[in-house]
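[1] Okay, sequence plus prediction incoming.
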Amino acid sequence: MRRIVAALSITLALVALAGLAYWAFRPAPVPVELATVTRGSFQAAVEEDGKTRIRNRYVVSSPLTGRLLRPDLKAGDAVKAGARVATLLPAVSPMLDPRTRQELEERLGAAEAAMQEAQTRLDRAADQEAQARRDYGRVRELQRKGAATNQQLEREELSLRVAERDRAAAELRRHVTEHERDQTRALMRRTTDTAASAEQWDITTPVSGQVLHVMQESETVVTAGTPLIEIGDPQDLEVIADVLTTQAVEIKPGAQVIIERWGGLGTLDGRVRLVEPAAFTKISALGVEEQRVWVVADILSRSEQWRGLGDNYRLDMRFIVAEIPETIIVPEGALFRRGDGWAVFVAQDGRAHETKVKLIRRSGRSAAIASGLQVGQQVVLFPPNTLTTGTAITSGLR
């Protein structure tokens, strides 16, 4: 009897030790994230980062080269069509180096001497004209009395006309030398007084709106064509996104756009207006060359809802390219390739079971399944490479 009791005790002890060893060294369940298979309307969408853009913007540029006075306008100021936005004055004369100044001083001296010479010639021509006029008067009186011939009178009349023309030419020559002197003086004079310049040009805006950006905020010298101020209507917004050309081929004008994470509550509705016909090359964050194209959409939601948006604000855009009603939907993160097809891990009784599925279409967040899954089943999201059929798993529902 004692032997039987001892044998039973030893057997129970061994069983207990084996159970403790099993619980101590058994594989721990793999932590995973689960999601539930659902049924509903599936929307295939292209998701991209986007931004807002004012539809019509106007850049006011300088029409002339000159000195720009400091603008009074700031970003956000309202302006009306035809209002003055900037003022141009003539540019300040350039500074003279010593050699140039000395050359101009010599030219000025030569111009003053030439003017004095021209004045002397004018005085001489005036005296000759006066003498020719007196001679003509005497000969005409003698000819009237019969003491002089007609030939003498004609000779004196010709001399008077020549003297008059010489005096007129001398006057013109004196004016020329006077202008040359004044021109040289002007080259030597450096005007810095703004008030001394009577000529100015007011630059006006062609449209009404708000100032978006002031390119030149300080007084400076600008050339013709220099951008000065950008004007637009902040409420006249559109949204744009650069999309891969392989995805943009499915986006058509009129397609629905859902605008998310724009900074306000809820989402905004939009509609594609234009897919630009020309693409461009862009280097991705990984250094890969990508061909992308701009897609432009209009905001359909009431302006009161998105009044806080401004130009170049960031947001997310979802372009709806297809819709499948009443189909089985599974998160795209649960899918993985298995051979030429697709598969998922289904959670059942605390273990993972690999299941092949037939895929209809994938989208950015979910996928439509034709067969292989039932509504209500739980699938593993982003299954690790170590996960196999029968592996114990533990997780919470998503």
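    That came through fine.

[2] Which parts of the stretch 201-350 of the chain are strands?
    Using DSSP state E, counting those that start in this stretch, the strands of the stretch 201-350 of the chain run over 201-204, 209-214, 220-222, 227-232, 237-244, 256-260, 268-275, 280-283, 289-299, 314-331, 336-338, 341-348.

[3] closest to Ala370 out of those?
    strand 314-331 (7.7 Å; C-beta to C-beta). (C-beta placed from N, C-alpha, C; glycine too.)

[4] In the closest one, which residues are buried?
    Counting neighbours by 16 or more other C-beta atoms under 10 Å, one finds that the buried residues in strand 314-331 are Leu315, Met317, Arg318, Phe319, Ile320, Val321, Thr327, Ile328, Ile329, Val330, Pro331.

[5] what's downstream of the longest helix seen in the chain, the next helix or strand?
    If you go by DSSP state H, the chain has its longest helix at helix 98-145. Beyond helix 98-145 on the C-terminal side, the first helix or strand identified by DSSP states H and E is helix 150-188.

[6] Determine the angle, from 0 to 180 degrees, between that next one and helix 98-145.
    Following axes from the mean of the first three to the mean of the last three C-alpha atoms, to 10 degrees, one obtains 160 degrees for the angle between helix 150-188 and helix 98-145.

[7] hey, which helix or strand in this structure has the poorest pLDDT?
    When the helices and strands of the chain are compared on mean pLDDT, DSSP states H and E, helix 2-25 comes out lowest with a mean of 60.

[8] Could you list every helix and strand that whatever helix or strand comes next after it packs against?
    Per DSSP H and E, the first helix or strand lying C-terminal to helix 2-25 is strand 30-31. Identification of packing neighbours for strand 30-31 by 3 or more C-beta pairs under 8 Å, 6 or more residues apart in numbering; DSSP states H and E yields strand 393-394.

[9] Run the chain-centre distance for the strand it packs on.
    52 Å (C-alpha atoms, centre = their mean, to the nearest Å).

[10] so where's this structure shaky on pLDDT?
    For the chain, applying pLDDT under 70 flags the ranges 1-27, 190-198, 396-398.

[11] domains of it?
    Here the domain parsing of the chain from automatic domain parsing is 30-41+325-394, 47-53+236-324, 57-92+195-232, 98-189.

[12] Measure how far the third one is from the centre of its chain, please.
    A distance of 19 Å separates the C-alpha centroid of domain 57-92+195-232 from that of its chain, computed with C-alpha atoms, centre = their mean.

[13] Equivalent analysis for the first one, please.
    Domain 30-41+325-394 sits 45 Å away from the centroid of its parent chain (C-alpha atoms, centre = their mean).

[14] and what of stretch 244-254?
    24 Å.

[15] Tell me the buried residues in it?
    Quick answer for stretch 244-254 (16+ other C-beta under 10 Å): Leu244, Gln247, Ala248, Ile251.

[16] surely the third one meets Val295?
    Looking back up the chat, that one is Ala248. Yes - counting by C-beta atoms under 8 Å, Ala248 does reach Val295; the two are 6.3 Å apart.

[17] Mind listing the shared neighbours of these two?
    Counting by C-beta atoms under 8 Å, 6 or more residues apart in numbering, the shared contacts of Ala248 and Val295 are Val275.

[18] what's the neighbour count on Gln348?
    The tally of other residues near Gln348 (other C-beta atoms under 10 Å) stands at 12.

[19] Could you do Arg302 as well?
    Counted with other C-beta under 10 Å, Arg302 comes out at 10.
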